[in-house]
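# dropping a prediction and its sequence here:
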Amino acid sequence: MNVRSRGSGYLVAAGATLVAFGIRYVFSPILGETAVYPLFVLAVMAGTYGGGVGPGALAAVSGYLLADYFFVPPIHVIGRFNSTAAADLAMYTFASTITIALVESLRRVRQKLEADIAARRTLEGQLQQIHAELEQTVARRTAKLIETIHELEMLSYSLSHDLRAPLRAMEGYARMTELKFGEGLSPEARQLLQRIARSAGRLDALIKDVLTYHRTASEALNLHPVNLEALLDELVSSRPELQMAQASFLIERPLRNVLGHEALLTQALSNLLGNAVRFIEPGKRPQVRIWTELLRDGPARGERVRLNIEDNGIGIAPNDQDRIWGIFIRLHPDQYGGSGIGLAIVRKAVESMGGTVGLKSTLGHGSRFWLAVPAAPADLTAESVSVKSTAVSSQSAGTATMAALLKPQTAQPSRL
C-alpha cells in the first residue's frame with residue numbers, strides 16, 4: 001500500500017468514527033448507558049476495510065476514548081468505570097480485534113482479486129495485440145505465398161515450354177548431324193555429338209521430373225477406390241522400360257483395393273517398378289515380387305493397405321536408406337543415371353493421399369519398398385472398382401496376350 005492510500009485509510013477511519021460518535025450522541029437520550037460500542041465497531045470495520053490494520057486500530061482506540069468520555073459513567077472521565085462497563089469494554093475489544101482480522105482478510109482477498117483482474121485485462125490486451133499482429137503476419141505471408149505460387153506456376157510454364165523446346169532441338173540436331181555427316185566426321189567429333197545429345201536428353205528428363213514433382217505437390221486430390229490389380233497389370237504390360245528389362249514379375253493375388261488418387265498411384269508405382277528393374281547387377285535378370293497386406297492401426301487411422309514391391313537388385317546401404325527419399329539424391333549417377341527425383345515423387349504422392357512409405361534393404365541382396373494408403377471400403381470387390389488407366393497403353397497383340405496372362409484366375413501367385 002502506498003502513502004497516498006494509507007493516508008486515505010486513516011481519513012476513512014477518522015470519518016467513520018466521527019459519524020458513529022454523532023449517531024450515538026444523537027440517540028444518547030434514548031439509549032442511555034446501553035449499546036455504547038456497536039456503532040464504533042462498525043467504524044472499526046469501515047476503517048479497516050478502507051485502509052487496513054492501522055486505520056482499523058485507530059478507529060478502535062478513538063472509538064473507545066469517545067465512548068468512555070461521553071457515554072460511560074462517570075461521564076467526562078476516562079478510565080473509571082464499573083464492572084458492567086468493564087465487561088462491555090472487553091466485548092468491544094474482542095469484537096474490534098475479530099473485526100479487524102476478518103475485514104483485513106477480506107480486504108487482502110479483494111486486493112488480490114483486483115490485481116488478478118488487472119493482470120488478466122492486461123494479458124487480454126496483450127493477447128488481442130498479438131492476435132492482431134498474427135493476423136497481419138498471416139495476411140502478409142498468405143499474400144507472399146500466393147505470389148510465390150504464381151511465380152512457381154510461371155516457372156513451370158517456362159520450364160515446360162521455353163527450356164525444354166531448345167533442349168529437344170539440341171538433342172535432335174546433334175543426332176541429325178551424326179546421322180547425316182557421321183561418315184565424314186572423326187571418331188572424336190562423333191563422340192562429342194553423342195555427348196551433346198545425351199546431355200540434352202538428361203537435362204530434358206530432369207526438367208520433366210521436376211515438373212512432375214511440382215504437379216504432385218500441388219495436385220488437388222479427390223480420393224476414390226482404386227483396383228491395384230488392374231492398375232499393376234496395365235503398368236507391367238504397357239510400360240516400355242519394364243518390357244525392355246525382360247523382368248519377371250510375381251504378383252501374389254488377390255491384391256486389396258485402396259482408397260487413393262489413381263494418377264498419383266500410377267506415377268508412384270511406375271517409379272518404384274522402374275527402379276526395381278533398373279538397379280540390377282549387369283547380366284542379372286530382374287525379379288520383382290508384389291503383394292499387399294492389411295494393416296489395422298486402430299479407429300484413429302482405420303484400415304490401411306500396404307503394397308510391397310521386392311526386387312533382387314543391388315540393395316541400399318543402411319546410411320543411405322533415409323536420404324534417398326530426398327530430392328536430387330543419386331547413389332550411383334555414373335552407373336545407373338537417373339535424375340534423383342523419382343523416390344521424392346513417390347513419397348510426395350503417397351503422403352498427399354494420407355499414406356506413408358518405407359523400405360527394407362540389404363546391400364547386395366535386393367530391396368523391399370512399400371507404401372501404405374487407406375484401404376477401400378470392404379464391400380467393394382476387385383471387379384466392382386473401375387480403373388481409368390493413366391499408364392501408357394499399347395494395343396499390340398503381344399500386349400493383349402500379356403494382359404490376358406496377368407488377368408487374375410485364382411488366389412495363387414502369378415508370375416510374368
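All right, it came through fine.
# so which bits of the host helix or strand of residue 358 are buried?
Per DSSP states H and E, residue 358 falls inside strand 356-361. Applying a neighbour-count criterion of 16 or more other CB atoms under 10 Å, one finds 357, 359, 361 buried in strand 356-361. In this view, the C-beta of every residue, glycine as well, is placed from N, C-alpha and C.
# show me what it packs onto, helices and strands only.
If contacts are counted by 3 or more CB pairs under 8 Å, 6 or more residues apart in numbering; DSSP states H and E, strand 356-361 sits against helix 342-352, strand 367-374.
# other SSEs contacting the last one?
Under the contact definition 3+ CB pairs under 8 Å, 6+ apart, strand 367-374 sits against strand 258-260, helix 262-278, strand 303-310, helix 342-352, strand 356-361.
# tell me what angle that strand forms with strand 356-361.
160 degrees (axes from the mean of the first three to the mean of the last three CA atoms, to 10 degrees).
# which residues touch strand 367-374?
Identification of contacts with strand 367-374 by CB atoms under 8 Å, 6 or more residues apart in numbering yields 223, 258-260, 265, 268, 272, 275-276, 295, 302-311, 313, 315-316, 346, 350, 353-361.
# now residue 40, what's its secondary structure?
Under DSSP: H, G, I helix; E, B strand; the rest coil, residue 40 falls in the helix class.
# now do it, the pLDDT please.
Listed pLDDT for residue 40 reads 87.
# again, but for residue 310
So residue 310 comes in at 96 (pLDDT).
# wait, it touches residue 362, no?
No - look at residue 310 against residue 362 with CB atoms under 8 Å: they stay out of range, at 11.5 Å.
# between these two, which one's more packed in?
residue 310 (19 against 12; other CB atoms under 10 Å).
# quick one, what contacts residue 193?
By CB under 8 Å, 6+ apart, the neighbours of residue 193 are 174, 175, 177, 178, 185.
# which element is the first one on?
Meaning residue 174. Counting by DSSP H and E, residue 174 is found in helix 164-181.
# ranges for the helices of the protein?
3-26, 28-31, 38-51, 53-70, 83-157, 164-181, 187-218, 228-238, 240-244, 262-278, 333-336, 342-352, 397-406 (DSSP state H).
# closest one to residue 327 among these?
helix 342-352 (4.3 Å; CB to CB).
# state the mean pLDDT of that closest one.
If you average the pLDDT values across helix 342-352, you get 90.
# show me what that helix is packed up against.
helix 187-218, helix 262-278, strand 356-361, strand 367-374.
# can you redo those as JSON lines with mean pLDDT and distance to residue 68?
Listed next are the helices and strands packed on helix 342-352 as JSON lines, based on pLDDT from 0 to 100; distance: least, CB to CB, whole Å:
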{"stretch": "helix 187-218", "mean pLDDT": "76", "distance to residue 68": "92"}
{"stretch": "helix 262-278", "mean pLDDT": "90", "distance to residue 68": "97"}
{"stretch": "strand 356-361", "mean pLDDT": "94", "distance to residue 68": "89"}
{"stretch": "strand 367-374", "mean pLDDT": "95", "distance to residue 68": "90"}
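# now these as a markdown table including distance to residue 85?
Putting the helices and strands packed on helix 342-352 into a markdown table (distance: least, CB to CB, whole Å) gives the following:
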| stretch | distance to residue 85 |
| --- | --- |
| helix 187-218 | 95 |
| helix 262-278 | 99 |
| strand 356-361 | 91 |
| strand 367-374 | 92 |
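# quick one: closest of these to residue 56.
With CB to CB as the yardstick, what comes closest out of those is strand 356-361 (71.2 Å).
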